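# Make a model of this:
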Amino acid sequence: MKRWIPVLLLAGMPLVHAAPSEVVYEDMDVLLQEKGVISRLSEQIQQVRDNVGASASNLVINAMGFLGVPYSYGGNNAETGVDCSGLVRTVFEKSVGKILPRRAVDQAAVTETIDRSELKPGDLVFFNTMKRAFSHVGIYVGDGKFIHAPRSGSSVRVEDMRVAYWNTRFNGARRVPLQPSTHTAVR
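Numbers count the residues shown, from 1 in each chain. Alright, predicted model coming up:
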């Protein structure tokens, strides 16, 4: 049940707080089908694919698979936990075969700068959370929201980057080039 809550929020369903013992469903698939969640989620996935392509939608879907995974400094897998840059690196490697640097600041350095208004699902969003530029990174999922591994004691989650905390710390948006660069390095 823990991993379904964020997906239900993304599908437009209201969040209902209940203790695990209060709600028991024999078949979660039947419940989701009855509530129309599966069809709405399928529609949203198709809309992302139509708007940004299969690579970006697979990337966002794979990132969503990390929801609820605990934060672990230096971590880079779902079994032991992830930190912000470990989440980004792992998702890009597994989704599109792109290996990014390990640290957020280095990820910013090897990606293409874009304007905030140009953000598409799968782009990276950077924040200054430790009194230094590009100290935190997340993956933009659309509608002003991003998925990230926030801090020790928490877990991977989706947040709105328009809330005051994230908005004031926003450092920039970047796009990961998925095609080989045609530019020649200047020496």
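
# how many neighbours does Asn76 have?
Asn76: 17 surrounding residues under other C-beta atoms under 10 Å. Quick note: C-beta positions are derived from backbone N, CA and C, even for glycine.

# again, but for Asp160
Using other C-beta under 10 Å: Asp160 sits among 12 other residues.

# do Ile99 as well
By other C-beta under 10 Å, 9 other residues sit near Ile99.

# Repeat that for Ala109.
11.

# who are the neighbours in contact with it?
Pro101 (C-beta atoms under 8 Å, 6 or more residues apart in numbering).

# Next one: it relative to His136, how far apart?
Using C-beta to C-beta, to the nearest Å, Ala109 is found at 15 Å from His136.

# same deal with Arg169?
Arg169 sits 8 Å away from His136, going by C-beta to C-beta.

# which neighbours do these two share?
Contact criterion C-beta under 8 Å, 6+ apart; residues shared by Arg169 and His136: Phe127, Asn128, Thr129.

# I'd say Met64 and Gly142 touch.
No - using C-beta atoms under 8 Å, Met64 makes no contact with Gly142, being 11.6 Å away.

# and Val110, backbone torsions?
phi -100, psi 10 (degrees, to the nearest 10).

# Neighbours of it, how many?
By the measure other C-beta under 10 Å, the count of residues near Val110 is 12.

# Contacts only, for it.
So Val110 contacts Leu100, Pro101 (C-beta under 8 Å, 6+ apart).

# hang on, the earlier thing: looking at Arg169 and His136, which has the bigger crowd around it?
Neighbour tally, Arg169 and His136, criterion other C-beta under 10 Å: the higher count belongs to His136, 23 against 15.

# The more buried one and Val105 touch, don't they?
No - the pair His136 / Val105 is not scored as a contact, 10.0 Å apart, by C-beta under 8 Å.

# List the contacts of the closest residue to Thr80 other than its chain neighbours.
If the residues on either side of it in the chain are set aside, Thr80 comes closest to Ser72, at 5.9 Å by C-beta to C-beta, 6 or more residues apart in numbering. Shown in contact with Ser72 (C-beta under 8 Å, 6+ apart): Thr80, Gly81, Val82, Asp83, Gly86.

# what's the answer for Thr111, then?
By C-beta under 8 Å, 6+ apart, the neighbours of Thr111 are Leu100, Leu124, Arg174, Arg175, Val176, Pro177.

# taking these one by one, which sit in strands?
Under the assignment DSSP state E, those contribute Leu124, Arg174, Arg175 to strands.

# Could you list the low-pLDDT ranges of the chain?
Counting by pLDDT under 70, the ranges of the chain that qualify are 1-54, 179-187.

# Please enumerate the helices of this structure.
4-10, 28-34, 37-52, 54-64, 84-96, 104-109, 164-169 (DSSP state H).
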